[in-house]
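>>> model the structure of this input:
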Amino acid sequence: MRCGRHTPEDEAARRRWQHPESILAGFGLAPGKTFIDVGCGDGFFALPAARMVGPHGRVCGIDIDAEALDILQEKALREGLDNVVLHEGTAEETVLCDGCADFVFFGIALHDFVDPVRVLLNAKKMAAPGGLIVDLDWKKEPLPLGPPTEKKFDTEYVVSLMAKAGIRVTAIADSGPYHYIVTAVPDKKKG
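So this is what the prediction gives:
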């Protein structure tokens, strides 16, 4: 889902306004958990998640960009992280498991998908009982970074997409100066 490559300098600059470890810890990522990163790119969130879940946890990344996945795999191997499993494919077509994930995470990606409701339906399938579906995305306002405002989703729209997919929002919060985070659970009453 990513355009262009990120350099180590890009990641260092991004860490000045977005701290992945704090975001992941904020919604409860912990050792031993299974974390699926949909639209993982080259691993800005997947690598910290792999460190946090540890050797008894698992991080699964999904992305359409084979080159980004190769970069992420190289980074994981260099760090000795053997708990990272990567899958090339579209989020609309990819369901890695039935009810295996403690967390299904969209890190600044939900607005990029062709069919976000279908992607969310797949996330719901992958979420374990009691699992969380988490969307971190750009605030829908003019910002010095990110996509054009018209491409961004506001939180009300995300809530409506999740409702269509049978996912119930449990919390909405700001996440730094440019993002919001929506935390949700599969609504067992719906489909």
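>>> buried sites along the longest strand seen in the chain?
Ordering each strand of the chain by length in residues (DSSP state E) puts strand 127-138 first. Within strand 127-138, the residues scored as buried using 16 or more other C-beta atoms under 10 Å are 127, 128, 131, 132, 133, 134, 135, 136, 137, 138. Placement of C-beta: from N, CA and C, glycine included.
>>> ends of stretch 40-47, how far apart?
10 Å (C-alpha to C-alpha, to the nearest Å).
>>> list the contacts of that stretch.
With contact meaning C-beta atoms under 8 Å, 6 or more residues apart in numbering, stretch 40-47 is reached by 1-2, 5-6, 11, 14, 20, 23-24, 35, 37, 59, 61-63, 65, 68-69, 71-72, 75-76, 79, 81, 84, 86, 105, 107.
>>> quick check, distance from the strand or helix carrying residue 69 to the centre of its chain.
Per DSSP states H and E, residue 69 falls inside helix 66-79. Mean-position distance between helix 66-79 and its chain equals 17 Å (C-alpha atoms, centre = their mean, to the nearest Å).
>>> stretch 71-85 too?
Put simply, stretch 71-85 sits 18 Å off its chain's centre (C-alpha atoms, centre = their mean).
>>> for that stretch, measure first residue to last.
So stretch 71-85: terminal residues 13 Å apart, C-alpha to C-alpha.
>>> for residue 105, give me its contacts.
35, 36, 37, 38, 45, 49, 134, 136.
>>> between which two of those is the distance greatest?
Farthest-apart pair in these is 36 and 136; separation 13.9 Å (C-beta to C-beta).
>>> next helix or strand past the helix or strand of the chain with the lowest mean pLDDT?
Taking mean pLDDT, DSSP states H and E as the measure, the chain has helix 8-14 as its least confident helix or strand, at a mean of 66. Scanning forward in sequence from helix 8-14 by DSSP H and E, the next helix or strand is helix 20-26.
>>> residue 141 against residue 150, yeah?
No. Look at residue 141 against residue 150 with C-beta atoms under 8 Å: they stay out of range, at 11.3 Å.
>>> those two: which is more packed in?
Set residue 141 next to residue 150 and count neighbours by other C-beta atoms under 10 Å: residue 141 wins out with 10 against 6.
>>> can you pull the pLDDT of the more buried one?
pLDDT recorded at residue 141 is 95.
>>> which strand or helix spans it?
Using DSSP H and E, no element contains residue 141; it sits outside every helix and strand.
>>> for it, which non-adjacent residue is closest in space?
residue 149 (6.4 Å; C-beta to C-beta, 6 or more residues apart in numbering).
>>> repeat for residue 73
With C-beta to C-beta, 6+ apart, the residue lying closest to residue 73 is residue 86, at 5.9 Å.
>>> name the helices or strands packed onto the host helix or strand of that neighbour?
According to DSSP H and E, residue 86 maps onto strand 84-88. If contacts are counted by 3 or more C-beta pairs under 8 Å, 6 or more residues apart in numbering; DSSP states H and E, strand 84-88 sits against helix 46-53, strand 58-63, helix 66-79.
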